[in-house]
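Novice: Using only what follows, build the 3D model:
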Amino acid sequence: MKYVSKLLTLVFFLTALPAIAQTTATAPTTDAAWQLHINVKGLFASPLGDMINKVIAENTDKGKEKELDVKALIDALGFDPRTAIGEVVIYGNDFEKTSATVIANLGPNRGNIEGWLLAAPGYQSEDLDENTIVHSFVAEKEDIPRMWCAMPKTSGNQNYVFVGSFNRETTVALAKELQTAGTAELAGQLTGEKFLSISVNDLSKAPIEIDQDAPGSGLIKTIQSLALSAASAQDTLSIDANITADTPARAQQINQLIVGMKAMVQLAVPDNDEEAKKLAEMLNHLSVSHAEGETSVIANFQVGYDVVQGLIDEIK
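Specialist: Residues are numbered from 1 along each chain as shown. This next block holds a predicted model:
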């Protein structure tokens, strides 16, 4: 049962985390407090995904101890999440544990997920229609309430979509909406070679404990919103950041800090410190810009896969 419980937790995180405390179902909008979009299939089809798959294969070949290896996971799920799961969207209207909605495009096959749910603690179910079941179960943690999920098939491309929530009404309403409308309205965040997008619209509401006397506390209080994205092109991996302050003067201040810190690190590198040299070399790939009168600071970090491979080799 412990194995089943861990598998269910992994399934829930792979194909979604749960849910929003509201009674009407809507796709994520710019009004959401935070959003995370990841294209699982797109990531693993990219050059970066090839590198990740090689690391997985090497670890499997070496027979390293793992609670659940990839082949066992694929057999248990009934599909390979690396090639089956499309875009996964997780978003919330606030930063409470139970205030997040998850939608995941599973493709044409929902595998064995619903079978595994039968073994979940406190499992209950009801029929949404003759082809769709609404599932619920309790989490292992005492401060997490009952979870609700469904896997309806969209009427357009006939893909299955996972919907997860801590609120029954949200899960049911969103499942019905996706059945008829499909996932088209969720598209747009991840275009081209982009596989990841994260945004926080109001950082002041995030549960971040700030020590007023700690270095960097002023920076955290100055940032109003933050957006990050990552793309895996044929030759380079790039990460873009858009940092927004409440005024142009504050944005200029953030820009000056980042540029100054980058220069300081590069100037202060001792000749005999190889680790510091590597950090300085990495910072050469970082560019920062700010237009006068604007409230945003744009940062871009772009590296070749030889640099990424070097980092992977160091971690092994």
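Novice: what comes up buried for stretch 271-280?
Specialist: Residues of stretch 271-280 classed as buried by neighbour count (16 or more other CB atoms under 10 Å): Ala280. The C-beta positions use only the backbone N, C-alpha and C, and glycine is treated the same way.
Novice: Now do the strands in the stretch 151-300 of the chain.
Specialist: Using DSSP state E, counting those that start in this stretch, the strands of the stretch 151-300 of the chain run over 160-165, 194-200, 223-232, 236-245, 286-289, 296-304.
Novice: right, and those - which one's nearest Leu77?
Specialist: strand 160-165 (11.7 Å; CB to CB).
Novice: What residues sit buried inside that closest one?
Specialist: Tyr160, Val161, Phe162, Val163, Gly164, Ser165.
Novice: What of stretch 73-81?
Specialist: Leu73, Ile74, Ala76, Leu77, Phe79, Asp80, Pro81.
Novice: Redo the residues you listed as CSV? Include secondary structure and distance to Gly304.
Specialist: Shown next, in CSV, are the buried residues of stretch 73-81 (DSSP: H, G, I helix; E, B strand; the rest coil; distance: CB to CB, whole Å):
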residue, secondary structure, distance to Gly304
Leu73, helix, 31
Ile74, helix, 31
Ala76, helix, 37
Leu77, helix, 34
Phe79, coil, 33
Asp80, coil, 28
Pro81, helix, 28
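Novice: Tell me what the nearest residue to His285 once chain neighbours are set aside is bridged to.
Specialist: Nearest non-adjacent residue to His285, counting by CB to CB, 6 or more residues apart in numbering: Val303, 4.9 Å away. As for beta bridges, Val303 partners with Leu237 under DSSP bridges.
Novice: Next, count neighbours for Val303.
Specialist: 18 (other CB atoms under 10 Å).
Novice: Which residues are in contact with it?
Specialist: Val303 makes contact with Thr236, Leu237, Ser238, Met282, His285 under the criterion CB atoms under 8 Å, 6 or more residues apart in numbering.
Novice: With Ala181 instead?
Specialist: Counted by CB under 8 Å, 6+ apart, Ala181 has contacts Thr154.
Novice: residues of the lengthiest helix in the chain that come out buried?
Specialist: With secondary structure taken from DSSP state H, the chain has its longest helix at helix 248-267. For helix 248-267, burial by neighbour count (16+ other CB under 10 Å) applies to Arg250, Ala251, Gln252, Gln253, Ile254, Asn255, Leu257, Ile258, Val259, Lys262.
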